[in-house]
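# Give me a model of this one.
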Amino acid sequence: MLIPPRKKTFGVDYQGRMGKFFSIHYSAQEANEMKEAIKNLSELRAQSLHASEATNANCDVSIRYWAQLCLLDKRIDFSQIGLVFTWIDAFKGPTTLSPNQGRMNSTALTLEISSVLFNIGAMLAFQGNTIHSSGGQENLKQASILFKRAAGFFAGVKAYSSRIDGAVSIDLVRTWHHGGMG
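Model prediction:
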């Protein structure tokens, strides 16, 4: 069974860029009230994206981060903030000869959401494969549930990646839009 690796990313300056945006477009009091929420969002991103293992707790953190992004997507036009999200294709990352290969940059929050969904799906698929490898009827049932959940998150990747303007990395488009791997 092919289990996709998680995508890699680089840091995002939520506190600097969003803090500046709120200080320009909102009152000083409102901007100040947003500081803690922005800090929490930044910490949630770090926890979500730097989790080393595909555990239930790490999946839960990533799902919480994704939920926060969905709320922000409805309330803020991220193209005005100037944050650049950079993600590396899970299957075709940089090489020594092509250090920018597989790298995608965008100010669109949909890239961040698609990539987070991809990583959640990858973690759930990894968990399902681990449980399935243990054998037994009950483990097979649990693995099946995890694979179905992973498929749901990969369907989300398809939905969000279709909203990204410009070129999209192979792992977000080709792999999932054609009904499976390949």
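
# Which other helices and strands does whatever helix or strand Q127 lives in contact?
Q127 is located in helix 109-133, with elements delineated by DSSP states H and E. With contacts taken as 3 or more CB pairs under 8 Å, 6 or more residues apart in numbering; DSSP states H and E, helix 109-133 sits against helix 28-49, helix 56-75, strand 85-88, helix 137-161. Any C-beta I mention is one placed from the backbone N, CA and C, and that applies to glycine too.

# could you dump the ones you listed to a markdown table with distance to V116?
Below are the helices and strands packed on helix 109-133 laid out as a markdown table (distance: least, CB to CB, whole Å):
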| stretch | distance to V116 |
| --- | --- |
| helix 28-49 | 7 |
| helix 56-75 | 5 |
| strand 85-88 | 10 |
| helix 137-161 | 9 |
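
# Which stretch among these approaches R6 most closely?
When these are compared by CB to CB, helix 28-49 sits nearest R6, at 8.6 Å.

# got a list of what the most centrally placed residue in the chain touches?
In the chain, the centroid-proximal residue (CA atoms, centre = their mean) is V116; its distance is 1.0 Å. For V116, the residues meeting the contact criterion (CB atoms under 8 Å, 6 or more residues apart in numbering) are S48, L49, S62, Y65, W66, L69.
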